[in-house]
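Asker: following is a predicted model, sequence given first.
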Amino acid sequence: MSFWDWQSNARRTTRWLVLLFVLCVLASLLAVHGGLTLAWWLLFAPLGLDYPRGFVATNVGVTLLLILGGWWLTYEQLSEGGRKLAQRIGAREARPGSALAEQQLCNIVQEMCIAAQMRTPQVVVLARADAINAFAAGWTQQDAVIAVTQGALDYLSRDEMQGLVAHELSHLKEGDTVLNMRLAGMVSGLELVYHFGENLRERGALAWWFGNAVMAAGFVGFLGGRLLKAAVSRQREYLADARAVQWTRSRDALGGVLRKVLMQRLQAQQHAGGWQSDRRSHTGLDHPLVQHMLLAETPHSSRLEHWLDAHPPLQERIARIYGRPMRALPLERQAQA
């Protein structure tokens, strides 16, 4: 399959997954109403009581209010834009005048933005993160940023840095950051439905029955939303990988980056606790608002099962780029003038 086909397939799969996500939200609304209806029927139907007026509208309205409320809370956290988010996790603005590697990074970003006909985002550096990683964030191109770790500056060649930047620019150009933020908000709303049922159940008596009904529906909706959001994220990673190969016209550009990330993990696994315990190298990257945006998952983002991961397996991404499995590349610090 060509890289053009991979991009078309990723976009098509994303559309289907987003449609399923919308259906999941609607199903959650119906499930909450169905659970409350069942609870009412078990408790009050034997007494000969009819459903109260506005029962359906109240159930659906309150559930919808909770979902939209959770979405709004997440939106408020992310609405400050990519620059505020970068500052929150400790990133600083790149200093092209004081470091050759940062000058080269800024040049690459400008060159690739011109080629992609994009507005140049602000470039920031996570100076305390030794792991090779990066992310792009922002609601619009006006407040967009590309954040690169010190590890990427230290270990990536110019061609490899082009591959990394191309991957992140693809996320901005395709609107992946906005899509992920919106889906994350809806998942938060579904989680809020579950917690509402939990609080209702703790009141005891009749509320226990209704709380269990809301909890069950909320949990199914939340889990379904998480599964679909993760699936969408994985497809967008495949799309950005293919875009990076297309823009750089080289498999070794992004492929080299991922193979060096793999080497870092193999080296970390030789130490006690493995790479999951090597938190020093991931300083600033374990923030919950940026984990799903990263080039490669952090130790904290892989504790869940594979089907809830926001990133495809690293070896699978490498095999897709090269058409076959490839070994990790040795880590060598790049010469700095």
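Answerer: Great, that's in hand. Given the structure is predicted, the values throughout are model-derived calculations rather than measurements. Numbers count the residues shown, from 1 in each chain.
Asker: what mean pLDDT does the helix or strand encompassing Asn9 get?
Answerer: Assigning secondary structure by DSSP states H and E places Asn9 in helix 3-44. When pLDDT is averaged along helix 3-44, the result is 79.
Asker: so what's Thr149 closest to, chain neighbours aside?
Answerer: If the residues on either side of it in the chain are set aside, Thr149 comes closest to Ala129, at 3.9 Å by CB to CB, 6 or more residues apart in numbering. Every C-beta, even on glycine, is put in place using the N, C-alpha and C of the backbone.
Asker: hang on, I meant Gly197
Answerer: Nearest non-adjacent residue to Gly197 (CB to CB, 6+ apart): Val214, at 3.0 Å.
Asker: burial count for that neighbour?
Answerer: Neighbour count for Val214, taken as other CB atoms under 10 Å: 27.
Asker: name the helices or strands packed onto the helix or strand encompassing it?
Answerer: Assigned by DSSP H and E, Val214 belongs to helix 206-248. Counting contacts by 3 or more CB pairs under 8 Å, 6 or more residues apart in numbering; DSSP states H and E, the secondary-structure elements packed against helix 206-248 are helix 3-44, helix 100-116, helix 158-173, helix 176-201, helix 251-269, helix 314-322.
Asker: need the three-state assignment for Ala152.
Answerer: Three states are possible here, and by DSSP: H, G, I helix; E, B strand; the rest coil the one that applies to Ala152 is helix.
Asker: ok, it - how many residues close by?
Answerer: Ala152: 27 neighbours (other CB under 10 Å).
Asker: could you check how far it is from Arg158?
Answerer: 12 Å (CB to CB, to the nearest Å).
Asker: kindly report the same for Ile318.
Answerer: The value you get for Ile318 to Arg158, if CB to CB is used, is 20 Å.
Asker: okay, those two: which has more neighbours?
Answerer: Using other CB under 10 Å, the more surrounded residue of Ile318 and Arg158 is Ile318, with 24 against 13.
Asker: wait, doesn't that one sit right on Pro325?
Answerer: Yes - between Ile318 and Pro325 a contact is recorded at 7.2 Å, counting by CB atoms under 8 Å.
Asker: picking that back up, with distance to Leu308 added, can I get the helices and strands packed on helix 206-248 in a markdown table?
Answerer: Putting those into a markdown table (distance: least, CB to CB, whole Å) gives the following:
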| stretch | distance to Leu308 |
| --- | --- |
| helix 3-44 | 14 |
| helix 100-116 | 32 |
| helix 158-173 | 20 |
| helix 176-201 | 11 |
| helix 251-269 | 19 |
| helix 314-322 | 16 |
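Asker: so where is the stretch 201-337 of the chain shaky, pLDDT-wise?
Answerer: Across the stretch 201-337 of the chain, residues meeting the criterion (pLDDT under 70) sit at 271-284, 288, 298-306, 335-337.
Asker: centre of the chain to the helix holding Val214, how far?
Answerer: 10 Å (CA atoms, centre = their mean, to the nearest Å).
Asker: try stretch 248-256
Answerer: Using CA atoms, centre = their mean, the offset of stretch 248-256 from its chain centre is 23 Å.
Asker: buried stuff in that stretch?
Answerer: By neighbour count on 16 or more other CB atoms under 10 Å, the buried set for stretch 248-256 is 248, 250-256.
Asker: then stretch 21-31?
Answerer: Taking 16+ other CB under 10 Å as the basis for neighbour counts, the residues of stretch 21-31 that come out buried are 21, 24-25, 27-29, 31.
Asker: please apply the same query to stretch 258-275.
Answerer: Taking 16+ other CB under 10 Å as the neighbour-count basis, stretch 258-275 is seen to contain the buried residues 258-265, 268, 275.
Asker: can you check stretch 60-76 too?
Answerer: Using 16+ other CB under 10 Å, the residues of stretch 60-76 that count as buried are 62-64, 66-67, 70-71, 74-75.
Asker: likewise for stretch 9-20?
Answerer: Of the residues in stretch 9-20, those scored as buried under the neighbour-count criterion (16+ other CB under 10 Å) are 10, 13-14, 17-18.
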